[in-house]
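Quick one: sequence plus predicted model below, questions after.
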Amino acid sequence: MPSAQKLVILDRDGVINQDSDAYVKSLDEWIPYTSSIHAIARLSKAGFTVAVATNQSGISRGYYAIATLEAMHSRLHQLVSQAGGKIAYVAVCPHGPDDNCECRKPKPGLLDEIRHALQLETLEGSWMVGDSLRDLEAGESRGCQPILVRTGKGRLTEAQGKGLENVRVFENLQAFTDWLLSK
């Protein structure tokens, strides 16, 4: 069973792959950052458990189907595996912002799902890596250490400056991984 201190939870779009204001709607549009794939593999090899928590409102908006999302995540698992790593769990919120669900970040439902799936008592002390304030707020609500990356919408989030008092900021997932593994 993993420990919370050895758990890294990642947002997907903007952290693992390029983000798009028009939504990532197809496997062809899902373009991973090579450095992020290798960072996930390095974390795995170093004994960290890696999970993903991703809002995917494009599903409820009718932009793409669950099968398309599953193809993207299948490709993600394949690339990480080829690099020698593993993603333990992917939690997805398919709802829109007006659906009042409990899983859409900044609400903590996706993190609770990860905690339950990985059979952890708490997420206290784990890491939440995102490119938006909503990612960090979800993590902080469950005791995760918040990490902002400047990829995706991260530079914009950093420039807005609010809510980042206790947040470490890194250029990308690779830079965070370098720092974490050097501790």
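Right, received. Where do you want to start?

By residue count, what's the longest strand in this protein?
What stands out as the longest strand in the chain, according to DSSP state E, is strand 49-55.

Okay, now the sheet partners of that strand, with direction.
strand 7-10 (parallel), strand 89-93 (parallel) (DSSP bridges).

Please identify the deepest-packed of those.
strand 7-10 (a mean of 26; mean count of other C-beta atoms under 10 Å). From N, CA and C alone the C-beta is placed, and that goes for glycine too.

Give me the distance between that strand and the centre of its chain.
7 Å (C-alpha atoms, centre = their mean, to the nearest Å).

ok so, going back, could you redo the strands paired with strand 49-55 as JSON lines and give each row mean pLDDT?
Shown next, in JSON lines, are the strands paired with strand 49-55 (pLDDT from 0 to 100):
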{"stretch": "strand 7-10", "mean pLDDT": "98"}
{"stretch": "strand 89-93", "mean pLDDT": "98"}
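
Including distance to Gly161, could the ones you listed go into a markdown table?
Below are these laid out as a markdown table (distance: least, C-beta to C-beta, whole Å):
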| stretch | distance to Gly161 |
| --- | --- |
| strand 7-10 | 23 |
| strand 89-93 | 26 |
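
So which of the ones you listed is nearest Glu137?
Nearest to Glu137, of all these, is strand 7-10, at 13.1 Å by C-beta to C-beta.

Quick one: name whatever helix or strand follows the closest one.
helix 34-45 (DSSP states H and E).

Please name every helix or strand in contact with that next one.
strand 49-55, helix 66-82, helix 173-182 (3 or more C-beta pairs under 8 Å, 6 or more residues apart in numbering; DSSP states H and E).

Buried deepest among these, which one?
Buried most deeply of those, by mean count of other C-beta under 10 Å, is strand 49-55, with a mean of 24.

what angle sits between that strand and helix 34-45?
140 degrees (axes from the mean of the first three to the mean of the last three C-alpha atoms, to 10 degrees).

Please report how far the residue nearest to Asn166 when sequence neighbours are not counted lies from Phe176.
Of all residues not flanking Asn166 in the chain, Pro146 sits nearest, at 6.6 Å (C-beta to C-beta, 6 or more residues apart in numbering). The gap separating Pro146 from Phe176 is 11 Å, by C-beta to C-beta, to the nearest Å.

overlap in contacts of those two?
Arg168 (C-beta atoms under 8 Å, 6 or more residues apart in numbering).

In this structure, where is pLDDT below threshold?
1-2, 4 (pLDDT under 70).

looking at the protein, which residue lies furthest from center?
The outermost residue of the chain relative to its centre, with distances by C-alpha atoms, centre = their mean, is Gly62 at 22.4 Å.

where does it fall, helix, sheet strand or coil?
coil (DSSP: H, G, I helix; E, B strand; the rest coil).

what's the burial count for the closest residue to Ile31 other than its chain neighbours?
In space, and not counting its chain neighbours, Ile31 is closest to Gln18: 4.5 Å by C-beta to C-beta, 6+ apart. When neighbours are counted by other C-beta atoms under 10 Å, Gln18 registers 14.
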